[in-house]
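Using only what follows, build the 3D model:
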Amino acid sequence: MGCNRRLDKAFKHAPVLPLDNSTRYVIFSDCHRGNGTNNDNFLKNQHLYLAALKQYYREGFTYIELGDGDELWENRNIEQIKEIHSDVFHLLSRFYSQKRLYMLYGNHDMVKKYARFSKKKWNDYFCTAKQCRTALFPEIKFYPALILRNPKTGKELYLTHGHQAALLNSTLWRVNCFLVRYIWKPLEQTGILDPTSAAKNYTTKQRTERRLTAWAEQHGRILITGHTHRPMAGIDTPNYINSGSCVHPCSITCIELCGTTATLVKWYMGTRENGDFYLDKSVLANITQL
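Presented below is the predicted three-dimensional model:
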């Protein structure tokens, strides 16, 4: 099964959500929440992510995560991830309880697609603030894809992780999981990066983006993914948009959908002249009017 067929399959039964003047979505991808060790790439940006998430919660946004939310290739113990990032999961559970949260799975958290696994692992968590087990995402379903549709214009946004562009990250994901967990993870500590990773290898990144762009253009769709970690605003490739990731060196990126306007934004820590730090958000690009 090639890239096009894998993408077609992902969207075949994808849930459809409304996109109109009243809707507000924020799209994140590739948080890679880990277990708090040196390999936890999310840890350095957790404060940025939490601050952004609190603002989106207050402002009534619906949270959409495009996959690789949790780093389940490098880590086997999900309870450790939930405990280390308890504050994050507490806030996400509040989104979920208000029916304002939708989760997709990517290659690094592919196991979430199995309903039995998800029900067992994501039903509750140990909340450090309350010092007891608390409901997390009871009865949650993780999706391969979502579609946002404007009922008036009929225009649609197709959302998925983007791992479908590579055989090793989709059909053969268990093989790649083994390689990452037992070979590339320890080698990463010595500075050797995974050559099969679309996020860490430039050639692989470009090949992945070309395949995703080609699918979007052939189908006449606007495709939004993560996976490569490189934010793209659809200027040179108007049919393909990438939300970036939460593991950039000093920032996180996401897409805001306010009504029918899409904006690619970056959250980061700035420094005032007196040396004080402050949280700031900048617009990287106004993507499209839907």
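
what about this protein, any weak spots by pLDDT?
Where the chain drops to pLDDT under 70, the residues are 1, 187, 189-194, 196, 288-290.

if we go to 80?
Scanning the chain for pLDDT under 80 picks out 1, 127-131, 184-196, 198, 234-237, 275, 288-290.

ranges for the helices of it?
3-12, 46-58, 78-84, 86-97, 115-121, 173-179, 185-188, 202-219 (DSSP state H).

Which one of these lies nearest to Met269?
With CB to CB, the closest approach to Met269 among the helices of the chain belongs to helix 46-58: 6.9 Å. Glycine gets a C-beta too; all of them are placed from N, C-alpha and C.

which ones are touching the spatially closest residue to Met232 that is not a sequence neighbour?
Nearest non-adjacent residue to Met232, counting by CB to CB, 6 or more residues apart in numbering: Asn242, 4.1 Å away. Contact analysis of Asn242 by CB atoms under 8 Å, 6 or more residues apart in numbering lists Gly162, Glu209, Ile224, Thr225, Gly226, His227, Thr228, Arg230, Pro231, Met232.

Correct me if wrong: the third one contacts Asn239.
When you say that, I think you mean Ile224. No: here Ile224 does not reach Asn239: they are 10.2 Å apart, not a contact under CB atoms under 8 Å.

The biggest strand by length in the chain pairs with which strands?
Ordering each strand of the chain by length in residues (DSSP state E) puts strand 277-289 first. Note on strand 277-289: by DSSP bridges, its sheet partners are strand 261-271 (antiparallel).

roughly how far is the partner strand from the heart of the chain?
How far strand 261-271 lies from its chain's middle: 16 Å, per CA atoms, centre = their mean, to the nearest Å.

try stretch 114-128
Distance, centroid of stretch 114-128 to centroid of chain: 19 Å (CA atoms, centre = their mean).

cool, stretch 229-240 as well?
16 Å.

Can you give me the end-to-end span of that stretch?
Start-to-end span of stretch 229-240 (CA to CA, to the nearest Å) is 14 Å.

And it, what's buried?
His229, Arg230, Pro231, Met232, Ala233, Gly234, Thr237, Asn239, Tyr240 (16 or more other CB atoms under 10 Å).
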